[in-house]
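1. sequence and predicted structure are below.
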Amino acid sequence: LYEFADQVRVEYDVSIPEASAYYRSWSGYGDELGWSACWLYYATGESIYLNDAKRHWNDFGMNKGDATGFSWDDKTAGVYLLMSQLDGGSEYLTTLQKFMDRIINDSPYTPGGLMYLDPWGSLRHANNVAFIAL
């Protein structure tokens, strides 16, 4: 399935137009390719998957650290975390730290202290970022 997704690079709502009215892929597919390559490397230890994750990191500009959270649509922040754990290179750690600093310091908070990242399921967004921080 991963090899198919890597070879046939198109958002799913392009191949299934009816889905675009409900769950359009706003972030594209690069984050999912990176996310899946990281997990496949973690599960198998096969270096081809880590090499693919690094390739996706570069091809899709994940080194910017500009993810806005972690959700069903955008796994980029998860790639930051997994690459910092799986590879440990300073590029990955720096990007993860840049993301965490920005998301913690620059995000709006409710009067009660909840990080408010998105009106569509605000608790899940705060929860997801908390798990990445953990």
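-> All right, it came through fine. Numbering: from 1, shown residues only.

2. enumerate every residue touching the nearest residue to residue 30 once chain neighbours are set aside.
-> On the basis of CB to CB, 6 or more residues apart in numbering, the spatially nearest residue to residue 30 that is not a chain neighbour turns out to be residue 60, at 3.0 Å. Using the backbone N, CA and C atoms, a C-beta is placed for each residue, glycine as well. Taking CB atoms under 8 Å, 6 or more residues apart in numbering as the criterion, residue 60 is in contact with 28, 30-31, 33-34.

3. farthest residue from the center of the protein?
-> Residue farthest from the centre of the chain, counting by CA atoms, centre = their mean, is residue 111 at 28.0 Å.

4. element containing that residue?
-> Assigned by DSSP states H and E, residue 111 falls within no helix or strand.

5. follow-up on the earlier one: got phi/psi on the residue nearest to residue 30?
-> Backbone geometry at residue 60, expressed as degrees, to the nearest 10, gives phi -110, psi 20.

6. just the buried residues of stretch 63-74, please?
-> Residues of stretch 63-74 classed as buried under the neighbour-count rule (16 or more other CB atoms under 10 Å) are 65, 67-71, 74.

7. same check, this time on stretch 48-62
-> By neighbour count on 16+ other CB under 10 Å, the buried set for stretch 48-62 is 49-50, 52-54, 56-57, 60, 62.

8. count of neighbours near residue 28?
-> The local packing of residue 28 (other CB atoms under 10 Å) involves 15 other residues.

9. among the buried residues of stretch 48-62, which lie within helices?
-> Assigned to helices by DSSP state H, the following of the buried residues of stretch 48-62 qualify: 49-50, 52-54, 56-57.

10. and of the buried residues of stretch 63-74, the nearest to residue 97?
-> Residue 97 lies nearest to residue 65 out of those, by CB to CB, at 8.1 Å.
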